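> got a predicted structure here, sequence first:
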Amino acid sequence: MNSAENNFDCTAKIDASCRVPLLALFGGAALWLVLGLALALVASLTFHAPEMFAGHSFLTYGRVSAAANDLLVYGFAIPAALGVILWIFARLSQAELVLPLVPVAAANLWHLGVFVGLATVLGGGSSGFAWLEFPRASAMLLGVAFVLIAISAVATFGQRRERELYPSHWFLLAALLWFPWIYSTANLLLVTAHPVRGVAQAVINWWFANNLIFVWLALVGVGVAFYFLPKISGRPLKSRFYALFAFWTLILFGTWAGIPQGAPVPAWLPALSSVASLLLIVSLIAVAVTTVKTVRGADVVCRGGPFCHIRFGMAAFILSGLMLVAGACPQYTRVLELTWFGQAQAQLQILGFFAIVICGAIYEILPRVMGFELPFKKFVRGQHWCFMAGTVLLAGSLGVGGVLQGLKHFSPDAALPVLRISTLGWMFFLLGSLLFAANIFVMTIKWKLALVRLVIAYVKSPLEISEVKP
Amino acid sequence: MKNGFAVFFAVCVALGGSWTGFVLAPALQLGTAKQTTILNSSDNWPLQRTGEATLGLQVYRANGCAACHTEQVRQDGVAFEVVLTGAGKINPVAVSNLVSTLKLSGLTKDEADAATVKITAIGGKVETHLAATGADIARGWGVRRSVAADFLYDVPVQLGGVRVGPDLSNIGVRAPDANWQLVHLYAPRAIAKNSAMPPFKFLFQVRKIGASPSPDALNLPQEFAPADGYEVVPKPAAKELAAYLLSLRADAPLYEAPFTPITAKP
């Protein structure tokens, strides 16, 4: 056996070691994505016919929209990200996944936590803090599950043969440290019987929301893109220095963003936040330069495949970052603040950037991990188009709606027509997510059937006769 | 960066910084805030909400009202107003003629003083008022900006982030009638024709009128009223929510948000 074959064999083993944990994480993530988008669509229907769900407390707008947001982030984005991180760490380490059963158990704990949280929010038990609506029990499950998966990921990272870190390592390792810190802080100080006093609650809530939605998703999304863009295009990342600069500026400045300018808090808080948000622009430039230099002139026919997904996602990230910076500019903040513009930015970040990048990565990973091709290859392209249309319609309509709302100073009808267009955006996203889920579920079923067949074949097979000596 | 510790160090520096700035410092500065006093008065601010209103905040939280309503009024600055309190006895006609030619609101301190000098010179009596300015205040959503002190006793603080509906910081002043609040919760379109607010019918009970109509029954317009022989009665949660909405008021001048309160003339 020559070394190339040996290498191939080894890679196959690494991929196979990730199979069960990744299926557990991605399967649940796909389910929550579909459900979350369906709930977002239900919430959006309120703008067409407000009395539609008037008799059902669990379908009222305030509950459903919070549940939808939580499902998109906690149900879909984080478990999908963790699965991709596990695989990238195993591949970069050139080692099989360490403690592969731990992430499997943790994935189930995680999905249980999301289920408990969803039921509580729809039942009226939300904590009342944005992005932290899940109750204490659910937060404990999520926290424990995250740490367990992070342990497996870091242990795999420790097995690496090449000691020097690859740029994706910085981003993804930082993400693994980031989440437990912010999530435990926010839950211990807010989601308890005796939270901190007065508007300190709101400040900590903004700090958490920004560190989760902007920084955490950016760390994972950019880290994953910096792994796959060079890999698919077959060229090195250009350059390591730019990536390092982007990493440091993203975490140094990004983490201070997110305090609204007009908030009823001491003025130093929004002022500091505004300065940091404006400085964030250097990080966006560094990410954009790295991405463009890496993909420009690459000889890749992507045709709606993973490469297209990730490239589009990176463009959406730059736009979402620019919207964040614009929202913090003192000149624009009077118009944009408290309007739909902020929601447009958040959804662009979660769906337009993160979901598209991570789905592209999953399409790239799954066939290798499972050892067989995607059952519906055309769905990859279909999902790409659906998500692109959804991003433009949703972020576009909410963004324009926000500006109109601000210019007409919240006159009741200012944003309603564009809000109705946003429903169309949600529909496209839902359609795309169904295509995504179809691939994952059919692959899981195929794999389970193969397992069952293997067991049946084993049971039916005649006893070995070699032991019987003549 | 050569190893995992470098990344660990980077995270500690970056996140540790913002944690100190946006978690620890506000918890120390705002988390120890105490009741304060209203400007030029010895009354305390804010007062603890009543028991029913405190329960109502939990109804507000449970149904995610903050997804569409904010409780924060913003302010651009302050302006002076010169208000004529009496034309005097010397030459009332000249005073009223002078007043009609002068600009008396939206003034700076110097302009207000100049106008005061002109009017008092011919015998008029004036007061100088301080008023908050800004789009939210022009809209009638409040008389001053919301400040940290307003939220001292709220758990959770429901500032909200998107104004799909109007701001509610002063809804208790703007619509002080409990029945109005209940009718609006039951059928928003009975009050605002094209309202996009979902009706909260699950907070009410439609029941057959017993021996005599309930004193709590809503007085609804024909279009939204139940069938003959039935009445709409608020459940406890609806009453609590209405009590909470009526308790929402940020109308006291404070050191950090001064203005001259307009008191009704007897």
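Arrived safely, thanks for sending. Numbering: from 1, shown residues only, chains lettered A, B, ... in the order given.
> can you list the residues that contact stretch A:84-92?
In this structure, residues lying in contact with stretch A:84-92 by CB atoms under 8 Å, 6 or more residues apart in numbering or on different chains are A:11, A:14-15, A:17-18, A:21-22, A:25, A:96-97, A:103, A:149, A:152-153, A:156-157, A:160, A:162, A:166, A:168-169, A:172, A:175-176, A:220, A:223-224, A:227, A:358, A:361-362, A:365, A:369. In this view, the C-beta of every residue, glycine as well, is placed from N, C-alpha and C.
> for that stretch, buried residues please.
Residues of stretch A:84-92 classed as buried: A:84-92 (neighbour count, 16 or more other CB atoms under 10 Å in any protein chain shown).
> which element is A:Phe179 on?
helix A:167-189 (DSSP states H and E).
> mind listing what's buried in the helix or strand bottoming out on mean pLDDT in chain B?
Confidence across the helices and strands of chain B bottoms out at helix B:92-101, with a mean of 86, counting by mean pLDDT, DSSP states H and E. By neighbour count, and taking 16+ other CB under 10 Å as the criterion, the buried residues in helix B:92-101 are B:95, B:98-99.
> could you say which helix or strand holds the residue of the stretch 1-150 of chain A found nearest chain B?
Closest contact between the stretch 1-150 of chain A and chain B, by CB to the nearest CB, is at A:Gly62 (2.2 Å). When secondary structure is defined using DSSP H and E, the element that contains A:Gly62 is helix A:61-70.
> do A:Ala288 as well
Per DSSP H and E: helix A:268-295 holds A:Ala288.
> sec struct for B:Val126, please.
Assigned by DSSP: H, G, I helix; E, B strand; the rest coil, the conformation of B:Val126 is strand.
> and the least confident helix or strand of chain B, what does it pack onto?
Counting contacts by 3 or more CB pairs under 8 Å, 6 or more residues apart in numbering or on different chains; DSSP states H and E, helix B:92-101 is packed against helix B:109-121.
> what residues does the stretch 101-250 of chain B have near chain A?
Residues of the stretch 101-250 of chain B lying close to chain A (CB under 8 Å from any CB of the partner chain) are B:135, B:139, B:145-167, B:188-189, B:192, B:194-202.
> which ones among those map onto helices?
Restricting these to those inside helices, with DSSP state H as the criterion, leaves B:Ala135.
> put the buried members of the residues of the stretch 101-250 of chain B next to chain A into a ChimeraX selection.
Written as a ChimeraX command, the selection of buried residues from these, which uses 16+ other CB under 10 Å, is:
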select /B:135,145,146,147,148,149,150,151,152,154,155,156,157,158,159,160,161,162,163,164,165,166,167,188,189,195,196,197,198,199,200,201,202
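> which residues of chain A score low on pLDDT?
In the prediction, chain A carries residues with pLDDT under 70 at positions A:1-8, A:464-470.
> can you check chain B too?
Scanning chain B for pLDDT under 70 picks out the ranges B:1-2, B:263-266.
> ok, for the residue of it at minimum distance from chain A, nearest residue in space, not its chain neighbours?
Here chain B gets closest to chain A at one residue, B:Gly64, 2.2 Å apart by CB to the nearest CB. Distances taken as CB to CB, 6 or more residues apart in numbering or on different chains put A:Gly62 closest to B:Gly64, at 2.2 Å, once the chain neighbours are dropped.
> ditto for A:Leu82
Distances taken as CB to CB, 6+ apart place A:Ile149 nearest to A:Leu82, at 4.9 Å, with adjacent residues excluded.
> who's in contact with the one you found?
A:Ile149 is in contact with A:25, A:82, A:86, A:102-103, A:106-107, A:110, counting by CB under 8 Å, 6+ apart.
> distance-wise, check it relative to A:Ala81.
Between A:Ile149 and A:Ala81 the computed distance is 10 Å (CB to CB, to the nearest Å).
> surely B:Pro176 meets B:Leu248?
No: using CB atoms under 8 Å, B:Pro176 and B:Leu248 do not qualify as a contacting pair, with a distance of 10.6 Å.
> compare the two and say which is more crowded by neighbours.
The residue with more neighbours, out of B:Pro176 and B:Leu248 and counting by other CB atoms under 10 Å in any protein chain shown, is B:Leu248; that gives 23 against 12.
> list the contacts of the most centrally placed residue in chain A.
By CA atoms, centre = their mean, chain A has its centre lying nearest to A:Ala77, at 2.8 Å. Residues in contact with A:Ala77, defined by CB under 8 Å, 6+ apart, are A:29, A:217, A:350, A:354-355, A:358.
> can you check B:Pro221 too?
With contacts defined as CB under 8 Å, 6+ apart, B:Pro221 is in contact with B:Ala190.
> show me where the stretch 51-200 of chain A has its strands.
In order along the chain, the stretch 51-200 of chain A carries no strands (DSSP state E, counting those that start in this stretch).
> ok, now the stretch 1-150 of chain B?
With strands called from DSSP E, counting those that start in this stretch, the stretch 1-150 of chain B shows them at B:36-37, B:44-45, B:77-86, B:125-133.
> A:Ala139 reaches A:Tyr183, doesn't it?
Yes: the pair formed by A:Ala139 and A:Tyr183 meets the contact definition of CB under 8 Å, at 7.2 Å.
> select from the buried residues of stretch A:84-92 every entry located in helices.
Assignment to helices by DSSP H places the following of these there: A:84-92.
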